[in-house]
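Student: Provided below for reference: sequence and predicted model.
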Amino acid sequence: MAAVGLGQAARTTPAGALPANMVPHPREELFTVLVVDDHPLLREAISSRLLQMGAGTVHEAASMAEARARALATGPCDLAILDLGLPDGTGIELVTELRSQGWPRIVVLASSDDPYAVRAAFQAGAQAYLLKSASPMVVTDGVRRVLDGGVYADPSVAPVLAAGTRVPGTDNTPRELSGREVEVLQLVADGRSNKEIGEALNLSALTVKSHLSRIGRKLGTGDRAQMVALAMRAGVIR
């Protein structure tokens, strides 16, 4: 059974068609999923795997625009699986949007184990980060973990998470930065002013200045360029 995309009726798994041990956890209804990826063959493979696992309905989208339209039409599904590299936007942006709309579980699918992307995905609200090169077993394990209320990282990116957001300061002593401090530093790296950073994060310019002062104390420098360089070297921002 294969799922279909926007503009077509989603196919479903008939009730009772699967043995009990194939369903991730007991439910009155089989779980619903939105799969967003611009590669048709990969999207079809993921959808087929989900149906085998016990998905009742799998919706598909190939872009941000299609995903937004599908999300608006269906409302929150039990699970969303999103490609980070979409043709009309970033998967991170879509994670943030879906979470704000009440989507409870999101799995990110990526071709890269870039430390910034891994951290950004989890900070945006994803519960799992899987690589496209992952084996079917890893994908299944990740999806099951998320459906059961947990979090999951592809084994190859787990060390990135273990390292957290620690940045060695000017004295080479690692300092832990908060998620908000990382967001602020990334926007500094993008060339934004304090006012622009505040507008992007819905903060006052004074609050942004306070974040930068706290980052400076942690890293041992008040120079914006040096703070950015230290964070980039640690792989926390790019």
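Tutor: Everything's here; your move.
Student: can you give me the helices in the chain?
Tutor: Using DSSP state H, the helices of the chain run over residues 40-53, 64-74, 91-100, 115-124, 136-147, 158-163, 179-189, 194-201, 205-219, 224-233.
Student: give the contact list for the residue most central in space within the chain.
Tutor: The residue lying closest to the centre of the chain (CA atoms, centre = their mean) is Ala121, at 3.3 Å. Neighbour list for Ala121: Leu84, Gly91, Ile92, Val95, Val108, Ala110, Tyr129 [criterion: CB atoms under 8 Å, 6 or more residues apart in numbering]. The C-beta positions use only the backbone N, C-alpha and C, and glycine is treated the same way.
Student: my guess is the fourth one contacts Ala124. True?
Tutor: Right, Val95. Yes - counting by CB atoms under 8 Å, Val95 does reach Ala124; the two are 4.2 Å apart.
Student: who has more neighbours, the two?
Tutor: Between Val95 and Ala124, Val95 has the larger neighbour count (other CB atoms under 10 Å), namely 25 against 20.
Student: how far away is Ser100 from Gln52?
Tutor: To Gln52, Ser100 is 31 Å away according to CB to CB, to the nearest Å.
Student: what of Leu131?
Tutor: From Leu131 to Gln52 the distance is 20 Å (CB to CB).
Student: on that earlier part again, for Phe31, find the nearest of the helices of the chain.
Tutor: helix 136-147 (6.4 Å; CB to CB).
Student: specify which residue of Ser100 and Gln52 has the higher count of neighbours.
Tutor: Per other CB under 10 Å, whichever of Ser100 and Gln52 has more neighbours is Gln52, with 14 against 9.
Student: tell me how far the more buried one lies from Val107.
Tutor: Noted for Gln52: a distance of 16 Å to Val107, by CB to CB.
Student: try Val139
Tutor: 9 Å.
Student: identify the contacts common to those two.
Tutor: Leu130.
Student: thinking again about what came up before, out of the helices of the chain, nearest to Ala80?
Tutor: That would be helix 91-100 among these, by CB to CB, at 5.7 Å.
Student: quick one: contacts for Ser100?
Tutor: For Ser100, no contacting residues are found, by CB under 8 Å, 6+ apart.
Student: kindly report the same for Arg99.
Tutor: Here Arg99 is in contact with Ile106, Ala124, Gly125 (CB under 8 Å, 6+ apart).
Student: now those residues as CSV including distance to Thr221?
Tutor: Putting the contacts of Arg99 into CSV (distance: CB to CB, whole Å) gives the following:
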residue, distance to Thr221
Ile106, 36
Ala124, 28
Gly125, 31
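Student: quick revisit: in a markdown table, list the helices of the chain along with distance to Phe31.
Tutor: Formatted as a markdown table, those follow (distance: least, CB to CB, whole Å):
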| stretch | distance to Phe31 |
| --- | --- |
| helix 40-53 | 8 |
| helix 64-74 | 13 |
| helix 91-100 | 16 |
| helix 115-124 | 21 |
| helix 136-147 | 6 |
| helix 158-163 | 25 |
| helix 179-189 | 29 |
| helix 194-201 | 34 |
| helix 205-219 | 39 |
| helix 224-233 | 39 |
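Student: what's the burial count for Ala73?
Tutor: Per other CB under 10 Å, the neighbour tally for Ala73 reads 9.
Student: likewise for the one 3 residues further on?
Tutor: A count of nearby residues for Pro76, using other CB under 10 Å, gives 16.
Student: where's the residue lying closest to His211 once chain neighbours are set aside relative to Val236, distance?
Tutor: Using CB to CB, 6 or more residues apart in numbering and skipping residues adjacent in sequence, the residue nearest His211 is Val184, 4.7 Å away. Using CB to CB, one gets 12 Å for the distance from Val184 to Val236.
Student: I'd like the distance between Lys132 and Ala117.
Tutor: From Lys132 to Ala117 the distance is 13 Å (CB to CB).
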